[in-house]
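**Student:** kindly generate the corresponding structure for this input.
(one chain, ligands or ions: 2)
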Amino acid sequence: MTRPVHACPLVSRKAPPLSGKVHVPGDKSISHRALMLSALAVGESFVEGLLEGEDVLATAEAMRSMGADIRKDEKGCWHIHGVGVGSLLQPQKALDMGNSGTSTRLLMGVVASHPITATFIGDASLSKRPMGRISTPLSLMGARFSAAEGNRLPMTVTGLYPAIPIEYRLPVASAQVKSAILLAGLNTPGITRVIEPVPTRDHSERMLKGYGANLSVEENDGVRIISIHGEAELKPQHIIVPGDPSSAAFLVVAGLIVPGSDLIVENVGLNPTRSGLYTMLKAMGGQIEYLNPREVGGEPVADLSVKYSHLKAIDVPPSIVPSMIDEFPILFIAAAMAEGKSTLQGLAELRVKESDRIAVMAEGLKALGVSLEEKEDGLIIEGSAGEGLGQKGKMVSIAAHLDHRIAMSFAVAGLVSEGGVTIDDRRPIMTSFPVFGQLFKELGAEFEMGLVK
Ligand SMILES: O=C(O)C1=C[C@@H](OP(=O)(O)O)[C@@H](O)[C@H](O)C1
Ligand SMILES: C=C(OP(=O)(O)O)C(=O)O
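**Tutor:** Ligands and ions are numbered 1, 2, ... in the order given. Modelled structure (predicted):
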């Protein structure tokens, strides 16, 4: 990954009505899994619509270092020659995970049941994130972990083969922890079981089955029990990656809050374990219509028609939180523009994402004049009822803290600001949504991309 060494600011100012049609790039979670599972299949898989963000490219590079042959053809389709479950090679250098929690945690699961050792390194943001949630269950399976600083990167994982199958109840609602255990279970004799009291995104389950793993899901009173039979042989697949609802979120919220907007966001993945934000925005009075509903790569997809709306405050029910966990920063912006007081709590996980998303969003919203209360597990936000944010003539400065979702959320806030918003560093946007600025330009809002300082 070659990024400029210095920060690159982005300036966002009050926008005219947004209009037109834009196409959302591939889903980040599905792209990571497509590369990992294709690399673990025997033979050649094809992946169309892969998200070419830095996080996903870090996964591709790691799978290459463990023996997979991965390349993109002239039409943009990715070809992956897998080595087969159990046949990963010992990487010759540390695996650089950049900013990506998903790459790190899922790949630790992959390594845990192979007879190899891998060192995981990452950027300053990733090196602060907790890894104990992964090392605890994988240690029960027999993998060994060592880290200079307790349960943080850099971290070295030595896998065990044959690993020990476990039954593990998730102590935190995390698709990354669930997926790491299931991926370790792929090369573990017997049945590995994950008990999930609160459902999280289910791409791993859907895709593991699609690649031929023997995986079953039982549901009892909302608790999911996922069982995978180990020493699986995965079969190569042709995957079409649907658009990322987490990226689409920025375009959709912008359409709802910039006065006069009327736009279409095409190719939005609407897997029910991911689409909580859209349910909430509709409940707030957002005019969102699902057009042309269809299936892409085994996932529900639609084009979203979005019109400027008078939004009303909302209280988010705890049960819906995991299905919109990455969308809270942009929901906070929508709540700041709504009429009334929104209570957004039960979000303690936001404190351990790429940044502490509760504290960082609270600070930026306050700088924009929003009245709010910060709680340990969320924010209570008093909306401006459609009045713009900030003050005329007063540019607000935001620090992105190496967090793409913070940078993009405040770029959207800038579109309804009186005096503009400057984000200190736009580079993290490249991790998940490299065409963010380009799509907004197509809708009629141009961000000023500051020169490298
Ligand atoms: O499994 C995944 O692809 C992801 C799971 C979520 O993380 P947690 O499992 O930590 O909630 C989410 O925040 C992340 O962007 C992607
Ligand atoms: C939390 C996120 O990603 P990751 O955990 O993969 O870094 C995100 O994309 O918002």
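**Student:** near ligand 2, which residues of this structure show up?
**Tutor:** Applying CB under 6 Å from any ligand atom, one finds that the chain approaches ligand 2 through 55, 100-102, 326, 353-354, 405, 432. For the C-beta atoms, the positions are set from N, CA and C on the backbone; glycine is no exception.
**Student:** from the chain's centroid, how far away is the helix or strand of the chain with the lowest mean pLDDT?
**Tutor:** For the chain, counting by mean pLDDT, DSSP states H and E, strand 448-449 ranks last in confidence among helices and strands (a mean of 94). The chain centroid and the centroid of strand 448-449 are separated by 25 Å under CA atoms, centre = their mean, to the nearest Å.
**Student:** could you do stretch 210-227 as well?
**Tutor:** For stretch 210-227 - counting by CA atoms, centre = their mean - the centre lies 22 Å from the chain centre.
**Student:** do stretch 84-104 as well
**Tutor:** For stretch 84-104, the separation from the chain centroid amounts to 18 Å (computed by CA atoms, centre = their mean).
**Student:** ok, stretch 436-453 next?
**Tutor:** Put simply, stretch 436-453 sits 22 Å off its chain's centre (CA atoms, centre = their mean).
**Student:** what comes into contact with it?
**Tutor:** Contacts to stretch 436-453, defined as CB atoms under 8 Å, 6 or more residues apart in numbering, come from residues 4, 6-13, 15-20, 22, 24, 247, 250-251, 254-255, 258, 261, 263, 408, 411, 414-415, 422, 426, 429.
**Student:** isn't residue 130 up against residue 149?
**Tutor:** No - distance between residue 130 and residue 149: 11.4 Å, which falls outside the contact criterion (CB atoms under 8 Å).
**Student:** give me the more crowded residue out of these two.
**Tutor:** The neighbour count for residue 130 versus residue 149, taken as other CB atoms under 10 Å, is higher for residue 130 (14 against 10).
**Student:** what's the end-to-end length of stretch 311-331?
**Tutor:** End-to-end distance of stretch 311-331: 11 Å, with CA to CA, to the nearest Å as the criterion.
**Student:** how far is it from where the chain is centred?
**Tutor:** Between the mean C-alpha location of stretch 311-331 and the chain-wide mean there is a distance of 15 Å, by CA atoms, centre = their mean.
**Student:** for the record, mean pLDDT for that stretch?
**Tutor:** Per-residue confidence for stretch 311-331 averages out to 97 on the pLDDT scale.
**Student:** try stretch 350-359
**Tutor:** For stretch 350-359, mean pLDDT is 98.
**Student:** please apply the same query to stretch 394-413.
**Tutor:** Taken as a whole, stretch 394-413 carries a mean pLDDT of 98.
**Student:** quick check, that stretch touching ligand 1?
**Tutor:** No - counting by CB under 6 Å from any ligand atom, ligand 1 is not contacted by stretch 394-413; separation bottoms out at 8.8 Å.
**Student:** what comes up buried for that stretch?
**Tutor:** When burial is assessed from 16 or more other CB atoms under 10 Å, stretch 394-413 yields the following buried residues: 396, 398-413.
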